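Peer 1: Quick one: sequence and predicted model below, then my questions.
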Amino acid sequence: LNPDRLEKYIDRYNALVDSETPGFLYGTHYSSPAVVLFYLVRLEPFTTSAIELQGGTFDHASRMFWSIEDTWKGCLNNSMDVKELIPEFFYNPEFLVNTNNLNLGRKASDNQSISDVILPPWATDPEKFIHIHRAALESEYVSSHLNEWIDLIFGFKQRGDEALEAHNLFYYLTYEGAVDVDSIQDDLERASIIDQISSFGQTPTQLFNSPHPVRMTKEESSRNKRGFSASIAEGLGNIIPIASPMKKKSVSSAKLSNLPDSTNSMCEISCHPVQDSEINVPIVYTQQYGSDKIFTFYHDGTIIKPSYRVSKGILSFSAPDTKDARPMPILLFSDEISAKYLHNCFALIRSKQIMFIAGQWDNSFHCTSTKSLEPLTTVYIHKGIVKCLAMTKDEKMLITGSADCTCLIWDISSLIKKGNPKPKFILYGHERDVNCIAVNVDFDIIATGSDDHSCNLYCLYDGRLEQSLNYNGPVLLLKISSFGNIIAYIDTEIPHLVIHSINGKFLAKSDTIGRIYSMCVSACGKYLYTAGDRGCVQIRSLYKCTLEILHQWECSSSVLSLDVVNEKYLSVGLENGCLQMLIIPDLYNF
């Protein structure tokens, strides 16, 4: 990007041709502990580490990370500065803010004190800066050039003549296998080399020796998927369609006119063995079960697993065999838990054909076989009704919440075995019933919502209370997005949704039309799906933290359960006992 600076690098390389030291262009590295601490100095524990690196004090203010523009100019012009961006630039706005009010000093040039990082003019706040940065990273342009970056960092342009030609050659000690440390006899020399390797950066292991292929465009990927789906559909045979198209309710938004017509992309089935026009057994829990089945749990304990398919844009169910369907034994749900929020009481492990069921009148929760319908273990630990539970996505840990104001963290392996399992940690902090739990392994966090108008955030692996978020009403539903944002549904006279960052910063609030009974988040973290008493299923935007409604459907009854299936469909459990499937429209441009 700077021809003058590059010419200096090339001159240095040429000057080293006859030297014992292998030639290089760059004496510093793009990734090192110092680079990470430079950017993250405002966040602990990096603040403490940065002070230790500088011998007990902060670095000179003028050399610190105080401005995006100044850092860019340094990387463009300074011959010793080749820093790369760290992942926080694409997901964590907090590292740009001096939340802890650190005394970072004053710049020598103008005596101005340093606090928050000065952003570019196009970024009105750190959240917008991160959002635009992430949008650029996920753009088609970056995707189409991603292979070039892979070639430089992990590929054939990492070393040797190809690296030199691509102006990508670093100091030899940064490369894996460049020196055999164990063969160095001199202790001081060996210690010096180890210290340099550890402190001044290392080039990743070379993974590819030939050019990496270009990533497919979105259009190419869609064509391939359609071709694959068509070939699979040909081998499925005939499946009985039991489809009844629903009406799509329009929303007063200009964007909705750009969405495809989904009238023929929805279907409904009623498969409870005693379901008729006079007896309606509500579906209180739905979950994807295998590649083409929906696990459906009715309020009376009956489990049905209907199959679905999509052929030529038409979504349909197959008729399940319900002749042997029967209610699960010894299930007596407490009257303290409304059927509208009973889905909070289930967690399903498909691979082991077991599920955890809470909400029992005797303060217990069960580990039950989904095949035999018999309980494997029953746990009596809580002193109140177990009103909710949540499982980590790796299916290793379970968290239960109770009317006794506590939550317990369990090792799932101990719950499956016969015996008397003990919780790993007990979580305190609430003053009233715990209604809902959300957990995210990637962020090491548990969020718990309570009737005491609060949401507590705990560390998953040691049970430590990190902070508490306060609201103006009971917290009935919680979700954590893949960006680390906490989405809460608050039940007040005017019910509403609220988003906070993982560090507790308020981001957005939106009133809801009617009450929400169920909600879920897309795997990408960009969309929130909600449904409730008016039978309205909505897609809201999380990408810009606006909670803007992007699309919605109107169902035939109140919705009690909602689940995302393969990131393409929504399974919808209705109060009237029907199961509906919706095809999620293409929201790429939203």
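Peer 2: Here it is on my side, so go on.

Peer 1: Looks like residue 358 contacts residue 386 (just checking).
Peer 2: Yes - the pair residue 358 / residue 386 is scored as a contact, 3.9 Å apart, by Cβ atoms under 8 Å. Where you see a C-beta, it was placed from the backbone N, CA and C, and this is true even at glycine.

Peer 1: Now the common contact residues for the two.
Peer 2: 345, 365, 400 (Cβ atoms under 8 Å, 6 or more residues apart in numbering).

Peer 1: Tell me the pLDDT of the second one.
Peer 2: Translated: residue 365. If you check residue 365, the pLDDT there is 94.

Peer 1: That one: neighbour count?
Peer 2: Residues lying near residue 365 (other Cβ atoms under 10 Å) number 28.

Peer 1: Can you report phi and psi for it?
Peer 2: Phi and psi for residue 365, reported as degrees, to the nearest 10, are phi -140, psi 150.

Peer 1: ok, now how distant is the closest residue to it other than its chain neighbours from residue 381?
Peer 2: Among residues not flanking residue 365 along the chain, residue 358 sits closest, at 4.2 Å (Cβ to Cβ, 6 or more residues apart in numbering). Remark: distance between residue 358 and residue 381 (Cβ to Cβ, to the nearest Å) = 12 Å.

Peer 1: How about the contacts made by the one residue sitting closest to the centre of the chain?
Peer 2: The centre of the chain sits closest to residue 482, judged by Cα atoms, centre = their mean, with a distance of 1.5 Å. When contacts are counted by Cβ under 8 Å, 6+ apart, residue 482 touches 442, 521, 523, 524, 525.

Peer 1: repeat that for 6 Å
Peer 2: By Cβ atoms under 6 Å, 6 or more residues apart in numbering, residue 482 lies in contact with residue 525.

Peer 1: so it sits in a helix?
Peer 2: No - Residue 482 sits outside any helix when classified using DSSP: H, G, I helix; E, B strand; the rest coil, being coil.

Peer 1: Can I get stretch 169-176 in PDB? Just the C-alpha atoms.
Peer 2: Once non-C-alpha atoms are left out, stretch 169-176 reads as follows in PDB (Å, rounded to 0.1, in the frame of the first residue of the first chain):
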ATOM      1  CA  LEU A 169       8.800 -12.600   4.200                       C
ATOM      2  CA  PHE A 170       9.400 -12.100   8.000                       C
ATOM      3  CA  TYR A 171      12.300 -12.700  10.300                       C
ATOM      4  CA  TYR A 172      13.300 -16.300  10.200                       C
ATOM      5  CA  LEU A 173      12.700 -17.100  13.900                       C
ATOM      6  CA  THR A 174       9.000 -16.400  13.500                       C
ATOM      7  CA  TYR A 175       8.600 -19.600  11.300                       C
ATOM      8  CA  GLU A 176       7.900 -23.000  12.600                       C
END
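
Peer 1: For it, the averaged confidence score.
Peer 2: pLDDT averaged over stretch 169-176 gives 90.

Peer 1: How about that stretch, which residues are buried there?
Peer 2: For stretch 169-176, a neighbour-count test (16 or more other Cβ atoms under 10 Å) marks 169, 170, 171, 173, 174, 175 as buried.

Peer 1: for it, the distance to its chain's centre please.
Peer 2: Chain-centre distance of stretch 169-176: 35 Å, with Cα atoms, centre = their mean, to the nearest Å.

Peer 1: ok, now stretch 393-411?
Peer 2: Distance, stretch centre to chain centre, for stretch 393-411: 20 Å (Cα atoms, centre = their mean).

Peer 1: and it, what's its mean pLDDT?
Peer 2: Mean pLDDT, computed over stretch 393-411, is 96.

Peer 1: Mean pLDDT per helix and strand in this structure: which one sits at the bottom?
Peer 2: Taking mean pLDDT, DSSP states H and E as the measure, the helix or strand of the chain with the lowest value is helix 218-234, at a mean of 58.

Peer 1: Could you identify the helix or strand that succeeds it?
Peer 2: strand 266-269 (DSSP states H and E).

Peer 1: what ranges do the helices span in this structure?
Peer 2: For the chain, helices defined by DSSP state H occupy the ranges 3-15, 33-39, 46-53, 68-77, 126-137, 140-153, 160-165, 187-199, 218-234, 412-416.

Peer 1: what bits of this protein have low per-residue confidence?
Peer 2: Scanning the chain for pLDDT under 70 picks out 222, 224-266, 273-279, 313, 319, 321-326, 329-330, 588-590.

Peer 1: Counting neighbours, what do you get for residue 362?
Peer 2: 12.

Peer 1: for residue 401, same thing?
Peer 2: Count around residue 401 with other Cβ under 10 Å applied: 31.

Peer 1: Which residue is the nearest non-sequential neighbour of it?
Peer 2: residue 434 (3.3 Å).

Peer 1: repeat for residue 477
Peer 2: Residue 477's closest residue in space is residue 489 (Cβ to Cβ, 6+ apart), at 3.8 Å.

Peer 1: quick one, what contacts the one you found?
Peer 2: For residue 489, the contacting residues are 476, 477, 497, 516, by Cβ under 6 Å, 6+ apart.

Peer 1: and the gap between the third one and residue 182?
Peer 2: From residue 497 over to residue 182 the distance is 58 Å, taken as Cβ to Cβ.

Peer 1: out of these two, which sits in the busier spot?
Peer 2: residue 497 (21 against 6).

Peer 1: ok, what's across the strand from that one?
Peer 2: With DSSP bridges applied, residue 497 shows beta-bridge pairing to residue 489, residue 510.

Peer 1: All the strands of the stretch 451-590 of the chain, in order from the start?
Peer 2: Secondary structure of the stretch 451-590 of the chain by DSSP state E, counting those that start in this stretch: the strands cover 454-459, 465-470, 475-480, 486-490, 496-500, 506-511, 516-521, 527-532, 536-541, 549-554, 559-565, 569-574, 579-583.

Peer 1: Kindly spell out which helices and strands sit in contact with the last one.
Peer 2: Right, strand 579-583. strand 266-269, strand 569-574 (3 or more Cβ pairs under 6 Å, 6 or more residues apart in numbering; DSSP states H and E).
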